[in-house]
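Colleague: Structure here, sequence nowhere to be found:
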């Protein structure tokens with residue numbers, strides 16, 4: 001026999017759940033923001049791309065941001081899919097050359113999120129570059 005009533009047990013369970021959520025998303029995201037605090041900006045204009053002569057002229061991303069970012073990428077018409085994480089100030093290549101990208105539609109479509117977040121579509125499914133219209137960055141504990 002348990003010393004706590006059913007309603008007391010429910011209150012304890014709910015408080016424990018909130019505490020775990022608070023710890024997972026951090027106090028600055030949990031306070032007053034509800035579930036909206038689970039999403040982050042998609043504005044990372046500090047990430048650039050080019051064909052990098054240092055790496056066999058492969059398509060590469062340079063992170064000029066102050067945080068590590070994860071980039072999901074795909075060819076405009078599909079194919080050439082991949083994902084890279086790039087530290088601040090670093091460059092990471094894709095292993096794709098100009099001919100490969102041309103065969104995948106001629107350009108690369110990207111979704112950029114800071115480390116700890118994952119690109120999702122409007123239904124919170126993992127985002128696949130080039131599919132659908134837009135993405136958002138969702139916190140992933």
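Modeller: Yep, it's here. Every value quoted in this text rests on a predicted model; they were computed, and no experiment measured them. Numbering: from 1, shown residues only.
Colleague: Where does pLDDT dip in the chain?
Modeller: By pLDDT under 70, the low-scoring segments of the chain are 1-37, 42, 129-133.
Colleague: Let's see that with 80 instead.
Modeller: 1-44, 78, 128-134, 141 (pLDDT under 80).
Colleague: Please name the bridge partners of the closest residue to residue 128 other than its chain neighbours.
Modeller: Distance criterion C-beta to C-beta, 6 or more residues apart in numbering; nearest residue to residue 128, sequence neighbours excluded, is residue 74 at 6.5 Å. From N, CA and C alone the C-beta is placed, and that goes for glycine too. Residues in a beta bridge with residue 74, per DSSP bridges, are residue 109.
Colleague: Residue 74 contacts residue 119, doesn't it?
Modeller: No: applying C-beta atoms under 8 Å, one finds residue 74 not in contact with residue 119, separated by 11.2 Å.
Colleague: can you list residues touching both of the two?
Modeller: Shared contacts of residue 74 and residue 119 (C-beta atoms under 8 Å, 6 or more residues apart in numbering): none.
Colleague: tally of neighbours for the residue nearest to residue 128?
Modeller: Close neighbours of residue 74, defined as other C-beta atoms under 10 Å, add up to 22.
Colleague: now it: how far from residue 96?
Modeller: Note on residue 74: its distance to residue 96, by C-beta to C-beta, to the nearest Å, is 11 Å.
Colleague: anything in contact with each of those two?
Modeller: Residues touching both residue 74 and residue 96 by C-beta under 8 Å, 6+ apart: 80, 82, 104, 108.
Colleague: Name the next helix or strand downstream of the helix or strand containing residue 113, please.
Modeller: Secondary structure from DSSP states H and E places residue 113 in strand 108-114. Next in sequence after strand 108-114, counting helices and strands by DSSP H and E, comes strand 117-120.
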